[in-house]
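**Q** Starting from these lines, generate the structure:
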Amino acid sequence: MNENISAEFLREIGKNSFFHHNGDMEMRREGLRCIISAKRAGDPEATYLVARLILDEILKPEAENSEEYALALLSRAANKGFLQARAYLNKYCRERYREKTGARFADRGCCGPLVDFDNKPIRVERKGVFTPIDAVLEYKGGRNVLTLSTNVMFFYSDDIPNADKFENSVLRGLYAWEGEYEVFGGQRIWVSVQVTQEDRAFDNLLIVPITEAMESSIRAMNDAVNIGKKKAILSDTIKHKRSFATNGLKWRANSRKIIWVQSENGLFNDYEEIMHVAKHEFGHALGLGDLYESASDSLRGVEKGTYSELDSYAINDRFYNLVMCDHHGPISNNDIEMVILAFRENKMQLYQPTKTKGKISSALGKGN
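**A** A predicted model of the protein is given here:
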């Protein structure tokens with residue numbers, strides 16, 4: 001490849017030659033070579049196009065598992081900000097999930113109040129002045145509705161530019177959990193997210209952007225209070241600009257819930273990224289553990305093939321296109337199933353234990 005030719009130019013030349021010269025095979029081959037060269041140079045759209053061509057069985061890669069390789073390319077393009085790749089990756093994983101679990105859905109039916117895998121009625125009613133997120137499950141109008149209500153308060157240690165846009169991005173992340181899902185063998189449930197923004201003393205979900213002033217306060221507090229490994233973990237989290245959620249000493253429906261949001265450039269104007277981060281961290285506030293592998297957090301990751309309901313979203317051995325693994329990923333039926341169990345049992349639901357601590361959620365391994 002000529003070093004003076006940009007990846008974007010190569011990609012556009014390749015697209016024109018490959019997609020608009022159906023009758024000229026030499027032009028199409030040259031176009032494909034240009035697209036592949038642009039992909040090798042890191043162009044996200046070219047990476048997406050190569051993935052699509054592999055999945056459409058037009059292009060055969062040298063990789064042993066061509067589907068997995070193509071999904072990895074889609075993920076790479078999506079995480080570089082190419083929205084079309086993200087939309088296609090999510091759609092592809094969902095369709096793969098439906099193909100693998102559709103028969104199970106047909107067996108269960110969807111009418112009547114929600115029941116668990118043992119056919120026992122599920123009752124959820126966690127609410128009150130000391131409950132940051134109210135969760136109420138009802139059967140009304142012929143459908144099951146899980147209503148998640150929270151009062152959001154933003155706490156600023158100093159001003160950030162366009163605070164209203166930042167807050168809107170966070171709220172979009174919370175509302176992303178709203179929608180229709182199929183849980184416990186295919187029973188349909190509607191999840192409603194209701195958010196208020198009132199000045200309350202206790203009953204709230206606190207959102208804290210970690211500005212420079214807040215970072216200095218956290219470091220000072222960390223130096224004074226934390227010792228050993230916890231101190232190192234928090235320092236590492238702050239250093240690498242990772243957002244996180246805290247749920248008191250142990251997650252309970254009534255434990256204090258705070259989402260700490262970091263910004264790569266410190267300006268908190270990467271609004272799309274903030275939305276996805278808030279979506280992931282809200283999952284922790286709803287009682288879900290992490291799915292990804294993290295040595296610093298003593299998380300080994302979940303190996304592909306461990307749980308059938310996750311495999312449709314698997315991209316690599318321990319990486320899944322799911323919100324609690326990749327914050328850009330979709331929210332799945334299984335995530336909602338675990339949220340229901342978290343509030344029903346008043347206990348955090350885990351995909352994986354931290355070393356030998358904690359038990360895997362009973363929602364896993366049931367096929368949906």
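
**Q** Show me what secondary structure element comes after the helix or strand of the chain with the lowest mean pLDDT.
**A** For the chain, the helix or strand with the lowest mean confidence is helix 228-239, at a mean of 65 (criterion: mean pLDDT, DSSP states H and E). Per DSSP states H and E, the first helix or strand lying C-terminal to helix 228-239 is strand 244-246.

**Q** mean confidence score for that next one?
**A** Averaged across strand 244-246, pLDDT comes to 93.

**Q** shouldn't Cys93 be in contact with Asp326?
**A** No. The criterion here is Cβ atoms under 8 Å, and Cys93 misses it with Asp326 at 10.9 Å. Quick note: C-beta positions are derived from backbone N, CA and C, even for glycine.

**Q** Just give me the longest helix of this protein.
**A** helix 83-108 (DSSP state H).

**Q** now it, how far from the chain's geometric center?
**A** 16 Å (Cα atoms, centre = their mean, to the nearest Å).

**Q** Ok, stretch 76-86 next?
**A** 14 Å.

**Q** And stretch 263-273, by the same measure?
**A** Using Cα atoms, centre = their mean, the offset of stretch 263-273 from its chain centre is 18 Å.

**Q** buried ones in it?
**A** Within stretch 263-273, the residues scored as buried using 16 or more other Cβ atoms under 10 Å are 263, 268, 273.

**Q** With respect to pLDDT, which of those ranks lowest?
**A** Ranking the buried residues of stretch 263-273 by pLDDT, Ser263 lands last with 91.

**Q** need the strands for the stretch 151-300 of the chain, in chain order.
**A** 179-183, 187-196, 205-209, 244-246, 258-261 (DSSP state E, counting those that start in this stretch).

**Q** Those: which one's closest to Ser362?
**A** Closest approach to Ser362 among the strands of the stretch 151-300 of the chain is made by strand 179-183 (12.7 Å; Cβ to Cβ).

**Q** Per-residue pLDDT of the spatially most central residue of the chain, please?
**A** Residue closest to the average C-alpha location in the chain (Cα atoms, centre = their mean): Val323, at 1.5 Å. Looking at Val323, its pLDDT stands at 97.

**Q** what sits against it?
**A** Val323 is in contact with 279-280, 283, 329-332, 335, counting by Cβ atoms under 8 Å, 6 or more residues apart in numbering.

**Q** how about the residues you listed in CSV, adding distance to Ser192?
**A** Formatted as CSV, the contacts of Val323 follow (distance: Cβ to Cβ, whole Å):
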residue, distance to Ser192
Lys279, 16
His280, 20
Gly283, 17
Gly329, 22
Pro330, 18
Ile331, 14
Ser332, 18
Asp335, 16
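
**Q** returning to that earlier point: counting contacts, what elements does the longest helix of the chain pack onto?
**A** helix 44-55, helix 66-79, helix 308-311 (3 or more Cβ pairs under 8 Å, 6 or more residues apart in numbering; DSSP states H and E).

**Q** which of those helices sits most buried?
**A** helix 44-55 (a mean of 23; mean count of other Cβ atoms under 10 Å).

**Q** related to what we said a few turns ago, quickly name whichever of the contacts of Val323 is closest to Ala70.
**A** The closest of these, once distances to Ala70 are taken by Cβ to Cβ, is Gly329, at 16.6 Å.

**Q** Next, count neighbours for the closest one.
**A** Counted by other Cβ atoms under 10 Å, the residues lying close to Gly329 total 26.

**Q** Check the contact between it and Ala314; I expect there is one.
**A** No. Gly329 lies out of contact with Ala314 (Cβ under 8 Å); the separation is 11.3 Å.

**Q** Give me the common contacts of those two.
**A** Counting by Cβ under 8 Å, 6+ apart, the residues touching both Gly329 and Ala314 are 320-321.

**Q** Tell me where the stretch 1-150 of the chain is predicted with low confidence.
**A** 1-4, 102-111 (pLDDT under 70).

**Q** now the strands of the stretch 151-300 of the chain as JSON lines including mean neighbour count and distance to Thr47?
**A** What follows is the strands of the stretch 151-300 of the chain, written out as JSON lines (neighbours: other Cβ atoms under 10 Å; distance: least, Cβ to Cβ, whole Å):
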{"stretch": "strand 179-183", "mean neighbour count": "19", "distance to Thr47": "29"}
{"stretch": "strand 187-196", "mean neighbour count": "17", "distance to Thr47": "33"}
{"stretch": "strand 205-209", "mean neighbour count": "21", "distance to Thr47": "32"}
{"stretch": "strand 244-246", "mean neighbour count": "18", "distance to Thr47": "30"}
{"stretch": "strand 258-261", "mean neighbour count": "21", "distance to Thr47": "29"}
